[in-house]
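[1] Build the 3D model from these lines:
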Amino acid sequence: MPVFSHSISAHDTTASRRSAGSRRFVLVFALLLTLPGCVHRRATIRTEPPGAQVLVGDREIGYSPASFDFTWYGTEEVTLRKDGYEIETHYVKLRRPWYQVPPLDLITDHFSPGRIKDQQDFFFKLRPRQLVPANQLLERGNALRSEAQLGQ
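    Alright, predicted model coming up:
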């Protein structure tokens, strides 16, 4: 009966190890690419007194304290409305943390082992609405009418 033998040279062993290492690298890299984004960006608007309607840009997000998720850093227009208080518009700066500066953001957004939460809070004290006496309001209206007639 014939006997089959196979000898493995040092070169074959090294090639096998390289091949296995390459397969592991590709597998780990593919696994990392399938991970979801790990940075959750959220801003909260608080007012004194609470309960003001909060609009960010043109979107109503609720009544303070109100939170919204965001994707991009930069400036957002925030409008606050509450009965008995002045309507206020503020520009809030959503600041980029150090770990979101390119090229680090690529790593933290896609390859960080845990979830990162970027929470930014903003507080505004609302001013009570000033009621203008009726006679002052009429005087102002008459002055504006006179200016308009002179301008024609």
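
[2] residues touching the nearest residue to Thr89 once chain neighbours are set aside, list them.
    With CB to CB, 6 or more residues apart in numbering as the measure, Thr79 is the residue that lies nearest to Thr89, at 4.9 Å, once sequence neighbours are left out. Where you see a C-beta, it was placed from the backbone N, CA and C, and this is true even at glycine. Thr79 is in contact with 54-55, 87-90, counting by CB atoms under 8 Å, 6 or more residues apart in numbering.

[3] List buried residues within these.
    By neighbour count, with 16 or more other CB atoms under 10 Å, those hold 54-55, 88 as buried.

[4] Can you add pLDDT and give the contacts of Thr79 back as TSV?
    Rendered in TSV, the data for the contacts of Thr79 read as follows (pLDDT from 0 to 100):
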residue	pLDDT
Val54	98
Leu55	97
Ile87	96
Glu88	97
Thr89	97
His90	97
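
[5] Show me which of those residues is closest to Gly74.
    Nearest to Gly74 among those is His90, at 14.5 Å by CB to CB.

[6] Skipping adjacent residues, who's closest to the residue most central in space within the chain in space?
    Centroid-nearest residue in the chain, with CA atoms, centre = their mean: Phe70, separated by 2.7 Å. Taking CB to CB, 6+ apart as the measure, Phe70 lies nearest to Arg41, with 5.0 Å between them; neighbours along the chain are not counted.

[7] I figured Leu126 hits Ile87, correct?
    No: distance between Leu126 and Ile87: 9.5 Å, which falls outside the contact criterion (CB atoms under 8 Å).
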